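Visitor: Here's my sequence, what's the structure:
(one chain, ligands or ions: 1)
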Amino acid sequence: MPQQPSPARKAAVDLLDQVLDEGRPLSENVAVLEKLGPSDRAAAQRLAADVLRNMERADRLLQHHLRKKPTTRVMNILRLGTYELCTGGAAHGVVSDCVNVAAVGHHTQGAKGLVNAVLRKIAAKGPDSWGDLRVPRMPKWLRGPLLEAWGAEIVPAMETAHFNGAPLDLTAKGDPAALAEVIGGVLLPTGSVRLADAGQVTALPGFEDGDWWVQDAAAALPAKLLGDVAGKQVLDLCAAPGGKTLQLAAAGAEVTALDLSAKRLGRVRDNLRRARLEAALVEGDALEHEGLYDAILLDAPCSATGTIRRHPDLPHAHEGERIADLIGLQAALLDHALDMLKPDGRLVFATCSLIPDEGECQVEEVLERRDDVAIVAPDIPGLEESWRSEEGGLRLRPDFWADKGGMDGFYMAILQKT
Ligand SMILES: C[S@@+](CC[C@H](N)C(=O)[O-])C[C@H]1O[C@@H](n2cnc3c(N)ncnc32)[C@H](O)[C@@H]1O
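Guide: Here you go, the predicted model:
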């Protein structure tokens, strides 16, 4: 009988298989984690994400020791072992446990010897060269279009930001300066509170009382761009999991939060309950919703390429095949949302994408298509002039605020019904 591997390591390899073989993002791979305790679950998720963030580096070292590429699962065991060995993992423990992961799989039993031999070689020499390997590049399907859009200086800066990962940002329900003090965080110029090393989120002060919620500093801006929403009827069109709904409700708006996904809408409900805030929840297709609103937030479904710092699986789980459809959906959502906006009302269009077709181009095109909307320049505290884009929106990039820990990539613009 082979010795059982550590549950976290085996689950991490299962997660890697599902991302790289089946194209399923880490967030959708819950079945793999169901049987694990909380600490193994967290360790498996962290390991899988770290391996994906470092995959190009691991593959570079491994290619010197492999005459031909093994199956994806064997390769993933090797990637995991390489990453751990090169980042301080104890050589004997990591190698033998990776051999155990191979030994318990029907299709990988035969590769036990290979895993052992290759990882021993990596253990001997890999850690010395690891630090000299280049920052991993994005896969070609994404790097190509981004090079075209942003150029050869900016894309490597984005890649460095992706490689560095993301701190934890919180949005305060009340006074952000007071929250920063209580929680020991840094108050950012735009009002978010940043924690460099947060640990377990649910253990932070104020979690149970709903005094704050997790939201990247860039993601916190679109709701603010709607201006003073107190007492206004505000429609949050693609609302789940609800960070922006909470902001709007906390600012005193009468919010209708709509989302297509019942499951994801359940998360909005949970988040509202924890923060003791209220909103009317509607499950449905935004394109079929009707009504007239004072203000609308359209945080449209998109490639989510602005969130790679937190989701290193994203560029590996697919090759952007849905982006063309998403661009069409964003344009249709934008037109329908503008039809539901009262005269003089404000709509904020936002996407967490690095691709201009999902941001700047959408706004340029809607301004050409329609003569009942005008763009309004964003004016809230903390904005930097370099964030303003030509057509009048805000372009946020992961390489901005590099000295502060970065921000998610986002595009947002304010449109006013004339
Ligand atoms: C970028 S996420 C929204 C994030 C959210 N605004 C927040 O701040 O937490 C996009 C959301 O759009 C929803 N969605 C996609 N297509 C939709 C449609 N046709 N109608 C309504 N919601 C849709 C997805 O279920 C997803 O929850």
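Visitor: Pull the distance from the longest strand seen in the chain to the chain's centre.
Guide: Identified as the longest strand of the chain according to DSSP state E is strand 341-351. Averaging C-alpha positions (CA atoms, centre = their mean, to the nearest Å) puts strand 341-351 25 Å from its chain's average.
Visitor: What's the first helix or strand after that strand?
Guide: helix 360-369 (DSSP states H and E).
Visitor: Put the alpha carbons of the next helix or strand after that following helix into PDB.
Guide: Going down the chain from helix 360-369, the next helix or strand is strand 373-376, by DSSP H and E. C-alpha atoms of strand 373-376 as PDB (Å, rounded to 0.1, in the frame of the first residue of the first chain):
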ATOM      1  CA  VAL A 373     -25.900  60.700 -23.200                       C
ATOM      2  CA  ALA A 374     -22.800  62.800 -22.300                       C
ATOM      3  CA  ILE A 375     -19.700  61.800 -20.400                       C
ATOM      4  CA  VAL A 376     -18.900  63.500 -17.100                       C
END
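Visitor: Run me through the strand neighbours of strand 373-376, direction for each.
Guide: Sheet pairing of strand 373-376 (DSSP bridges) gives strand 410-417 (antiparallel).
Visitor: give me every residue that touches the residue of the stretch 301-418 of the chain found nearest the ligand.
Guide: The ligand sits closest to residue 301 of the stretch 301-418 of the chain, with a gap of 3.8 Å, by CB to the nearest ligand atom. Bear in mind the C-beta positions are built from the backbone N, C-alpha and C, glycine included. By CB atoms under 8 Å, 6 or more residues apart in numbering, residue 301 lies in contact with 238, 326, 329, 330.
Visitor: ok, which pair from these is furthest apart?
Guide: With CB to CB as the measure, no two of those lie farther apart than 238 and 326, at 11.6 Å.
Visitor: pLDDT score for residue 217?
Guide: pLDDT recorded at residue 217 is 98.
Visitor: Next: residue 127.
Guide: So residue 127 comes in at 95 (pLDDT).
Visitor: Now do the contacts for the residue lying closest to it once chain neighbours are set aside.
Guide: Once flanking residues are discounted, residue 127 sits nearest to residue 86: 5.0 Å by CB to CB, 6 or more residues apart in numbering. By CB under 8 Å, 6+ apart, the contact set of residue 86 is 57, 58, 61, 122, 126, 127, 130.
Visitor: Just those: which are in strands?
Guide: Counting by DSSP E, these contribute nothing to strands.
Visitor: how about CSV for the residues you listed, with neighbour count and distance to the ligand added?
Guide: Output for the contacts of residue 86, formatted as CSV (neighbours: other CB atoms under 10 Å; distance: CB to the nearest ligand atom, whole Å):
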residue, neighbour count, distance to the ligand
57, 24, 30
58, 27, 31
61, 23, 36
122, 27, 39
126, 24, 38
127, 17, 39
130, 19, 35
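Visitor: Mind picking the lowest-pLDDT entry from those residues?
Guide: Ranking those by pLDDT, residue 126 lands last with 92.
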